[in-house]
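**Student:** Okay, here's the prediction I keep looking at, along with the sequence it came from:
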Amino acid sequence: MAPGRRVERVAALIRRETSELLIHGIRDERVHQGMVSITNVEVSGDLQHCKIFVSIYGEEIQRSEVLEGLEAASGFLRGELGRRLQMRRAPEVHFHLDRGIEKGASVLNLLEQLEQQRETIGEVQPGSDKPTTYETTTVNKT
């Protein structure tokens, strides 16, 4: 099996087990203040370091507290991952905040606001991309 494929498989297993531990294993209340989603897991080629990218839904203060709670629980996670994955040496776990989902939602919100402004001005009919034009014709009957 190629080393790259093994790294990908270990990353997928770490993602699955970490998700399970976030739900049932970590007792730190800071972690449960916001909704946490694991967006990506990167494992180094020697399987000694692991970056877990998380998206946290909530206020900025909650995000920082949740991230602190995750970092505090990284030792516990490392031990549990070593046991669950039966690895000789479990990788060091580091959490990073992923703002990709947050940025995507803000862009969609801005596009929606722009569409509403266009509709109120009357430039565009709902569901079309072309400006509205009205033609009037007169018919002469003689």
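**Tutor:** Noted; the coordinates are in hand.

**Student:** which residues touch the residue nearest to Ala73 when sequence neighbours are not counted?
**Tutor:** Take Ala73 and drop its neighbours on the chain: the residue closest to it by Cβ to Cβ, 6 or more residues apart in numbering is Ile26, 5.0 Å away. C-beta: built from backbone N, CA, C; applies to glycine. Applying Cβ atoms under 8 Å, 6 or more residues apart in numbering, we find Ile26 in contact with 32, 69, 73, 76-77.

**Student:** Likewise for Cys50?
**Tutor:** 11, 14, 41-44, 91-94.

**Student:** what stretches of the chain score poorly on pLDDT?
**Tutor:** Low-confidence segments of the chain, defined by pLDDT under 70, span residues 1-3, 123-142.

**Student:** Off-centre distance for the helix or strand containing Ile56?
**Tutor:** Taking DSSP states H and E as the criterion, Ile56 maps to strand 49-57. Once both centres are worked out by Cα atoms, centre = their mean, to the nearest Å, strand 49-57 turns out to sit 9 Å from its chain's centre.

**Student:** what's the next secondary structure element after that strand?
**Tutor:** helix 60-72.

**Student:** And that following helix, what does it pack against?
**Tutor:** strand 49-57, strand 92-97 (3 or more Cβ pairs under 8 Å, 6 or more residues apart in numbering; DSSP states H and E).

**Student:** quick one: strands adjacent to the last one?
**Tutor:** Read that as strand 92-97. In the sheet, strand 92-97 lines up against strand 49-57 (parallel) (DSSP bridges).

**Student:** buried stuff in the partner strand?
**Tutor:** Judged by neighbour count using 16 or more other Cβ atoms under 10 Å, the buried positions of strand 49-57 are 50-56.

**Student:** Please name whichever of the helices and strands packed on helix 60-72 is nearest to Ser106.
**Tutor:** Each of the helices and strands packed on helix 60-72 was checked against Ser106 via Cβ to Cβ, and the shortest separation belongs to strand 49-57, namely 13.2 Å.
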